[in-house]
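**Student:** let's see this in three dimensions:
(4 chains)
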There are 4 protein chains.
Amino acid sequence: MTQSQTKPQAKPRSAYPLFVTFATRWRDNDQYGHMNNAVYYELFDSAINKFLMDAQILDMAGGSGVFLVASSGCDYFAEVAYPSDVEVGVAISRLGRSAITYDLGLFVADAKMTAARGFVVHVNVGHLGGSPTEMDEATRAKCAPLLTAAD
Amino acid sequence: MTQSQTKPQAKPRSAYPLFVTFATRWRDNDQYGHMNNAVYYELFDSAINKFLMDAQILDMAGGSGVFLVASSGCDYFAEVAYPSDVEVGVAISRLGRSAITYDLGLFVADAKMTAARGFVVHVNVGHLGGSPTEMDEATRAKCAPLLTAAD
Amino acid sequence: MTQSQTKPQAKPRSAYPLFVTFATRWRDNDQYGHMNNAVYYELFDSAINKFLMDAQILDMAGGSGVFLVASSGCDYFAEVAYPSDVEVGVAISRLGRSAITYDLGLFVADAKMTAARGFVVHVNVGHLGGSPTEMDEATRAKCAPLLTAAD
Amino acid sequence: MTQSQTKPQAKPRSAYPLFVTFATRWRDNDQYGHMNNAVYYELFDSAINKFLMDAQILDMAGGSGVFLVASSGCDYFAEVAYPSDVEVGVAISRLGRSAITYDLGLFVADAKMTAARGFVVHVNVGHLGGSPTEMDEATRAKCAPLLTAAD
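**Tutor:** Below is the predicted model of the structure:
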């Protein structure tokens, strides 16, 4: 992946239709006393899959849909550290035939602007070992409320 | 972060001047039986800091230099899973005044091409809580052997 | 560590004076689709340090007190899995001169009995690199409300 | 789990018939600059499952055998920290009808004595969701070389 040339900007809460809250953990902090950069992706992942399960797009037991991560990225603006609670704002910036691009914002509790912003590209492969598969209309309809104008 | 528009391509081993080897762990695999997307960043981080410590740029005990991650990203091409050993190829694609952009490639043991490619932008802040600080000539000289042509 | 010979038993919520709530994460589940056994210790750690910080025994910024883990253990009774919220019950089963033994119970949201029970022995070392140090009276007084009869 | 009353002792390399090597990772270190106590269990897990896969007892693809962790514990003697390589010594201290108790020792590279010692009780459940199941003779024969006298 090559880095985007546009200077990234923090976003307000209004940019995200959905929020998922997480308590941070002692082990999230690395040797520098703040949340390790890889942990942001753990939270992004968890927020996205929470949406997919709550919307009954992803059924962990039945395995009706499987999405793999094709690409991800994050810009870090402000320090985040255990023991703060954090919220992940979830939007969809692109809804393709087989892929969903999520726009994610991490907020420290009560903060107005994102401490970090990321994206994750999920590709629907139907089943483990499968290849990219067109999403059905029911799935697209469930994703539509999260769709926001690209920035 | 917005996603780059260029279609990412796998790279050969010759693109990386330095390699760091890691054993994978049972917990690296997520519910889908392959290495979770966040774990790649743990390995990128570990390879970069290994370089910085071996080159005596970063001294964990003395704390003479502190680099924070300002931005990161990864494109995932092929499945990686415990218990395979993996290697992280490390190059520097940009050596700025206070920032280093690392170009990273993850190879499954013996594979010729990257299973994933990522980047990490490290900003030198001198000390924890500090602001971006120009790197000295000794640091730049130690980074120079990893500098590769941008792609 | 050798395994205790007593058959471990689940405990009710009434055994714990304090509870700390955590959202689980996608990556907590391992390849078998349930929370990996190491993650329980991440949650135990996080609950204990939350108590220590809220009680102002541990001050992350000032570093007035440092506790190291000398011993830990866990018995697993029932499956726990993302995306369930979980609660960690915290009690102190032994308050020594320099060491605190925590008795921990992990509850899946709304469950009456522990899904797992663990212990952690924390030794006060005063500062990083220090040796076991007697706790002061103020610290002991703050710990007293969590002290429960050993089982 | 209640803590064992016997004072734990470090062990030499000769106590372990099998060793598995791991590179540590930047994120293994917590805020105190040494390997977080939960990470030891990640390494124990990974060493055990490596043995099970190499011995063809556990087949990740076919899923012929599934072992769940019923109990685990660790005593920590000496500091371990990234970027040291570590080795996990693996022995079996008890081979029951359906359960295997592993005796594990963590060595920092080149050290003669364990920096930590742990145990893990694995219960064979045959398949996910299954109940404790007697191990067959082939499995028991493959485990026998790791069996050591209990301490």
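**Student:** and residue A:118, bridged to which residues?
**Tutor:** Beta bridges link residue A:118 to residue A:74, residue A:104, judged by DSSP bridges.
**Student:** so how far is the longest helix belonging to chain A off the chain centroid?
**Tutor:** Selection of the longest helix in chain A by residue count, based on DSSP state H, yields helix A:37-54. Taking Cα atoms, centre = their mean, to the nearest Å, one finds helix A:37-54 lying 5 Å from the centre of the chain it belongs to.
**Student:** all strands of chain A, in order?
**Tutor:** Assigned by DSSP state E, the strands in chain A fall at A:18-23, A:67-76, A:85-95, A:99-108, A:116-124.
**Student:** residues near residue A:142, how many?
**Tutor:** 16 (other Cβ atoms under 10 Å in any protein chain shown). Placement of C-beta: from N, CA and C, glycine included.
**Student:** isn't residue A:31 right up against residue D:27?
**Tutor:** No: applying Cβ atoms under 8 Å as the test, residue A:31 and residue D:27 come out as separate, 9.1 Å apart.
**Student:** the more surrounded of the two?
**Tutor:** residue D:27 (25 against 22).
**Student:** for the more buried one, what are its contacts?
**Tutor:** With contact set as Cβ atoms under 8 Å, 6 or more residues apart in numbering or on different chains, residue D:27 has these partners: A:30, A:36, A:38-39, B:42, B:45-46.
**Student:** report the beta-bridge partners for residue A:113.
**Tutor:** Applying DSSP bridges to residue A:113 gives these bridge partners: residue A:12.
**Student:** around chain C, which positions in chain A sit nearby?
**Tutor:** Proximity of chain A to chain C (Cβ under 8 Å from any Cβ of the partner chain) is limited to residues A:20-27, A:33, A:42-43, A:45-46, A:49-50, A:53, A:60, A:81-83.
**Student:** one more time with 7 Å, if that's ok
**Tutor:** Neighbours of chain C within chain A, by Cβ under 7 Å from any Cβ of the partner chain: A:21-23, A:25-27, A:33, A:42, A:45-46, A:49-50, A:53, A:60, A:83.
**Student:** check the residues you listed and tell me the two furthest apart.
**Tutor:** Comparing all pairs in the residues of chain A next to chain C by Cβ to Cβ, the longest separation belongs to A:33 and A:60, at 34.6 Å.
**Student:** average pLDDT across the longest helix of chain A?
**Tutor:** Mean pLDDT, helix A:37-54: 97.
**Student:** quick one: it to strand A:99-108, angle?
**Tutor:** 120 degrees (axes from the mean of the first three to the mean of the last three Cα atoms, to 10 degrees).
**Student:** residue at max distance from the center of chain A?
**Tutor:** residue A:31 (25.3 Å; Cα atoms, centre = their mean).
**Student:** residue contacts, the nearest residue to it once chain neighbours are set aside?
**Tutor:** Once flanking residues are discounted, residue A:31 sits nearest to residue D:29: 4.7 Å by Cβ to Cβ, 6 or more residues apart in numbering or on different chains. Each residue near residue D:29 by Cβ atoms under 7 Å, 6 or more residues apart in numbering or on different chains is listed here: A:30-31, D:35, D:81-82.
**Student:** what's the neighbour count on residue A:21?
**Tutor:** Neighbours of residue A:21 using other Cβ under 10 Å come to 13.
**Student:** quick check: the closest residue to it other than its chain neighbours vs chain B, distance?
**Tutor:** Spatial nearest neighbour of residue A:21, chain neighbours left out: residue A:87 (5.1 Å); criterion: Cβ to Cβ, 6+ apart. Distance, residue A:87 to chain B, by Cβ to the nearest Cβ, to the nearest Å: 18 Å.
**Student:** what ranges in chain A fall below the confidence cut-off?
**Tutor:** A:1-6, A:60-64, A:150-151 (pLDDT under 70).
**Student:** pick out the residue nearest the middle of it.
**Tutor:** Nearest residue to the geometric centre of chain A (Cα atoms, centre = their mean): residue A:44, 3.7 Å.
**Student:** these two touch, right, it and residue A:88?
**Tutor:** Yes: here residue A:44 reaches residue A:88: they are 6.4 Å apart, a contact under Cβ atoms under 7 Å.
**Student:** which residues are common contacts for those two?
**Tutor:** With contacts taken as Cβ under 7 Å, 6+ apart, residue A:44 and residue A:88 have residue A:104 as neighbours in common.
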